[in-house]
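Novice: Sequence first, then the predicted structure:
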Amino acid sequence: MNSQEYNEPLFEIIEGCVKSDRKCQQIIYEKFYGKMLGACMRYSKDREEARDILQDGFMKVFANIKQYGGSGSFEGWIRKIIVNTAIDFIRKSKHAIQYADSDYAAENAEEITEEDNNEYSNISANEIMEAVQQLPTSYRTVFNMFVVDGFSHKEIAEQLGVTVGTTKSNLSKAKKNLKKALEKKIKVYQE
């Protein structure tokens, strides 16, 4: 059954998921798959890893759907679980992550200026996603948590088991690396 064919209100579909109704679970999965895969792609090194994270995330969604109280956005509730699943995945493979331990001040980070924005306007969202995915895992994780998902440096430090200075340093370095990668793309367009 395709989710477009199912005309029940969302709350009824959620209730079906609470009762472990496979059709309702399929509808929720299909309805949110694309957006949640995008969230996973931001944290993963490639599409395959993102799909693994997404699968784990949806398993957690369905295992905990009884806890959704109906207040607030259901999509936001799912996104939080998916993002936390991605962060857990990264934390579990922490041996492969190297965080910069310097207390590098975030103020030293090169910021993207209005002038830069005009140059970047020719770069597609997919190209930006590719540039983010090329960042080292630690930089990519902190960048996504801070810039995209709105975590504070304190929350990021607690989630990842590092210092606030480390998160600021990694964010700064992520921005610098992204700026360099985007500048390379701009040069290609200008040639």
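Specialist: Yep, that arrived.
Novice: List the buried residues for stretch 175-184?
Specialist: Buried residues in stretch 175-184, defined by neighbour count with 16 or more other C-beta atoms under 10 Å: 175, 177-179, 181-182. Placement of C-beta: from N, CA and C, glycine included.
Novice: Ok, stretch 69-77 next?
Specialist: Neighbour counts over stretch 69-77 (16+ other C-beta under 10 Å) mark 74, 77 as buried.
Novice: same question, stretch 128-136
Specialist: For stretch 128-136, by 16+ other C-beta under 10 Å, it's 131-133, 135-136.
Novice: repeat for stretch 50-67
Specialist: 50, 53-54, 56-58, 60-62, 65.
Novice: Domain-wise, how is this protein divided?
Specialist: According to automatic domain parsing, the chain comprises the domains 3-92, 96-190.
Novice: Any idea which of those domains has the lowest pLDDT on average?
Specialist: Lowest mean pLDDT within the domains of the chain: domain 96-190, at a mean of 76.
Novice: Among the buried residues of stretch 175-184, name the ones in helices.
Specialist: 175, 177-179, 181-182 (DSSP state H).
Novice: Which residue is the nearest non-sequential neighbour of residue 127?
Specialist: residue 185 (5.9 Å; C-beta to C-beta, 6 or more residues apart in numbering).
Novice: Kindly report the same for residue 85.
Specialist: Closest to residue 85 by C-beta to C-beta, 6+ apart is residue 57, at 3.9 Å.
Novice: for that neighbour, what are its contacts?
Specialist: Taking C-beta atoms under 8 Å, 6 or more residues apart in numbering as the criterion, residue 57 is in contact with 36, 40, 81-82, 85-86.
Novice: can you put those in TSV and add distance to residue 127?
Specialist: Output for those, formatted as TSV (distance: C-beta to C-beta, whole Å):
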residue	distance to residue 127
36	22
40	19
81	29
82	23
85	26
86	21
